[in-house]
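Q: got a structure for you, letters missing:
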């Protein structure tokens with residue numbers, strides 16, 4: 001009996017693997033899109049040229065380039081193991097978020113960290129994971 005059903009057991013396991021893989025990808029993709037959305041929402045309003053920005057507050061749009069540059073990149077590390085990196089692609093984005101360089105000490109305008117904190121505090125990661133993987 002055991003010898004006769006090995007093929008069907010393997011087929012059943014393979015089907016489950018494919019379903020878990022697809023659900024994991026969907027969860028990762030939804031989390032990435034939501035984090036991008038939250039980060040873009042942090043950059044609010046329009047700051048006129050010449051007007052000073054408020055330190056330790058999220059930046060305001062001047063050209064929209066920083067906001068538009070926030071993107072995500074997806075990675076697969078193995079079965080059921082996926083990740084995504086979310087962040088801006090503008091060369092000055094790190095300085096805006098963290099300060100430094102030739103800027104005065106402590107001058108920064110965080111937008112990625114507050115977006116991540118909102119994502120985690122609102123329980124969105126857990127909700128998305130449970131939605132796709134039924135936890």
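A: Now that the structure is in, tell me what you want to look at. Since this is a predicted model, take the numbers as computed values, not measurements. Numbering: from 1, shown residues only.
Q: longest helix anywhere in the chain?
A: Assignment by DSSP state H gives helix 6-42 as the longest helix of the chain.
Q: what about that one, distance to the chain center?
A: Here helix 6-42 shows a centroid-to-chain-centroid distance of 15 Å under the convention Cα atoms, centre = their mean, to the nearest Å.
Q: helix or strand right after that helix?
A: Sequence order places helix 65-68 as the next helix or strand after helix 6-42, per DSSP states H and E.
Q: now that next one: buried residues?
A: 66-67 (16 or more other Cβ atoms under 10 Å). Just so you know, the C-beta spots here come from the backbone N, C-alpha and C atoms, and that holds for glycine as well.
Q: contacts for it next, please.
A: For helix 65-68, contacts defined as Cβ atoms under 8 Å, 6 or more residues apart in numbering pick out 40, 43, 59, 61, 88, 90, 92-93, 96.
Q: how about those residues, which pair is most distant?
A: Spatial extent of those (Cβ to Cβ) is set by the pair 40 and 92 at 16.7 Å.
Q: what is the burial count for residue 5?
A: Under the neighbour criterion other Cβ atoms under 10 Å, residue 5 is assigned a count of 11.
Q: and residue 63, by the same measure?
A: Neighbour count of residue 63, defined by other Cβ under 10 Å: 10.
Q: distance of it from residue 74?
A: Residue 63 is 27 Å from residue 74, where distance means Cβ to Cβ, to the nearest Å.
Q: low-confidence ranges in this protein?
A: Residues of the chain meeting the criterion pLDDT under 70: 1-3, 135.
Q: if you set the cut-off to 90 instead, what comes out?
A: Low-confidence segments of the chain, defined by pLDDT under 90: 1-11, 14, 16-18, 20-21, 44-58, 61-63, 76-81, 101-106, 133-135.
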